[in-house]
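>>> compute the structure for the input listed below.
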Amino acid sequence: MALNKQIWIPQIKEGFYPNDSFLKRTVDYSGFVDYDILHIASAGIDPKVLVNNTTYPIKIVGREDEDCTAELDKFETENTIVRRPEALEYSYDQLESVIRQHRSTLRTSVSRKAAHAFAPDKDTADTPVITTSGATVNGRKRMTYEDFLTLKERFDEALIPLEDRCIVLHPKHVTDLLLEDVNLFKSLTDTRNGRPFTFAGFDCYQFPYMPTYADDSGTLTKVEFGKDDTEQFASVAFCGSEVMRADGEIYMYSRVDDPEERATIVGFDKRFIALPIRNKGVGAIVSASV
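Prediction:
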């Protein structure tokens with residue numbers, strides 16, 4: 001007898017993005033997903049604003065939108081052996097104990113992919129990438145609050161909205177800031193009602209799996225996803241209105257009453273993608289190597 005997927009799949013979805021997840025601060029484009037393909041229109045040129053205009057009629061300018069598509073990434077969990085699954089379906093606590101492992105694994109994987117996607121490829125006026133400037137430790141320079149303020153200035157210069165600025169800190173950068181000023185650091189670690197405190201206009205989150213950068217002839221460039229083999233790790237900043245996420249299908253696989261395991265085996269797939277919307281309003285602070 002097949003498992004009741006109407007019980008298992010909603011359980012995976014429940015609380016998938018907790019309040020302390022930086023992904024909750026992104027624009028949700030899930031409504032534009034069709035058969036695990038994201039369809040979004042690339043908006044045309046913004047209209048000009050006329051000040052104290054005296055010339056009429058006002059010019060009519062057409063706007064041509066281009067349909068852009070992107071296939072959602074596929075994330076798969078390893079299979080789990082479940083004893084007496086039919087009993088679990090009627091016990092929330094037991095079912096949650098099985099689901100929690102798969103939900104947590106999927107959540108970490110999609111968050112890692114998103115953090116990498118939000119990190120700029122390289123330093124530009126609209127996508128600042130700066131390096132740390134603190135004391136040297138273990139072959140790298142620590143992050144300082146001055147580095148934080150430098151990033152703020154770069155966001156200001158790029159005219160990034162003050163509202164909804166976030167930064168996802170690498171744990172080692174959190175340690176750097178803690179060592180520099182314990183009292184000031186409290187504003188980065190305390191939370192209230194599930195929301196982080198704000199420092200220098202950025203809501204601060206922490207995540208251990210952050211992208212890295214490599215030195216390419218004097219220019220820092222982002223290392224390809226999954227090939228992080230450098231200590232030049234980054235903390236990633238973004239404006240919530242400039243980045244998006246999209247969720248697709250969650251599919252459950254099951255092998256009921258496996259004769260070898262004398263149990264049922266389950267596993268899950270999830271489709272997901274996260275990207276900058278305009279390649280603007282994202283930035284990074286990279287640990288400088290010494």
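
>>> what sits against the residue nearest the centre of the chain?
For the chain, residue 114 is the residue whose C-alpha lies nearest the centre (C-alpha atoms, centre = their mean; 3.4 Å). If you count contacts by C-beta atoms under 8 Å, 6 or more residues apart in numbering, residue 114 has them with 22-23, 26, 245, 274. Quick note: C-beta positions are derived from backbone N, CA and C, even for glycine.

>>> let's see it at 10 Å
With contacts taken as C-beta atoms under 10 Å, 6 or more residues apart in numbering, residue 114 has the following neighbours: 21-23, 26, 168, 207, 236, 238, 243-245, 272-275.

>>> mind checking how far it is from residue 125?
Using C-beta to C-beta, to the nearest Å, one gets 24 Å for the distance from residue 114 to residue 125.

>>> same check on residue 39?
Taken as C-beta to C-beta, the span from residue 39 to residue 125 is 30 Å.

>>> same thing with residue 211?
From residue 211 over to residue 125 the distance is 20 Å, taken as C-beta to C-beta.

>>> who has more neighbours, those two?
residue 211 (24 against 10; other C-beta atoms under 10 Å).

>>> sorry, back to before: which of the contacts of residue 114 ranks first by neighbour count?
Per-residue neighbour counts (other C-beta under 10 Å) across these peak at residue 238, which has 30 neighbours.

>>> was I right to think that one contacts residue 128?
No - distance between residue 238 and residue 128: 11.4 Å, which falls outside the contact criterion (C-beta atoms under 10 Å).

>>> any residues in contact with both of those two?
When contacts are counted by C-beta under 10 Å, 6+ apart, the set common to residue 238 and residue 128 consists of 120, 155, 160, 282-284.

>>> what is the longest helix of this protein by residue count?
Scanning the chain for the helix with the most residues, using DSSP state H, yields helix 92-118.

>>> show me the contacts for the closest residue to residue 208 other than its chain neighbours.
Sequence neighbours aside, residue 171 is the residue nearest to residue 208 in space, at 5.4 Å (criterion: C-beta to C-beta, 6 or more residues apart in numbering). Residue 171 makes contacts with 206-210, 233, 235, as judged by C-beta under 10 Å, 6+ apart.

>>> want to throw those residues into CSV with distance to residue 79, secondary structure and pLDDT?
Output for the contacts of residue 171, formatted as CSV (distance: C-beta to C-beta, whole Å; DSSP: H, G, I helix; E, B strand; the rest coil; pLDDT from 0 to 100):
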residue, distance to residue 79, secondary structure, pLDDT
206, 31, strand, 91
207, 26, coil, 94
208, 25, coil, 93
209, 23, coil, 95
210, 29, coil, 96
233, 32, strand, 95
235, 35, strand, 97
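
>>> by neighbours, which of these wins?
Of the contacts of residue 171, residue 235 is surrounded by the most neighbours, 31 neighbours in total, counting by other C-beta under 10 Å.

>>> what ranges do the strands span in the stretch 51-200 of the chain?
If you assign secondary structure with DSSP state E, counting those that start in this stretch, the strands in the stretch 51-200 of the chain sit at 66-71, 73-76, 80-82, 129-131, 136-137, 140-141, 165-169, 191-192, 195-196, 198-199.

>>> and among these, the most buried is which?
Among these, the stretch with the highest mean neighbour count (mean count of other C-beta atoms under 10 Å) is strand 165-169, at a mean of 25.

>>> chain center to that strand: distance?
Its chain's C-alpha centre lies 10 Å from the corresponding centre of strand 165-169 when counted by C-alpha atoms, centre = their mean, to the nearest Å.

>>> so who does the nearest residue to residue 165 once chain neighbours are set aside touch?
Counting by C-beta to C-beta, 6+ apart, the nearest residue to residue 165 once its immediate chain neighbours are dropped is residue 202, at 4.8 Å. Residues touching residue 202, when contacts are defined by C-beta under 10 Å, 6+ apart, comprise 148, 151-152, 155, 164-169, 188, 196, 237-239.
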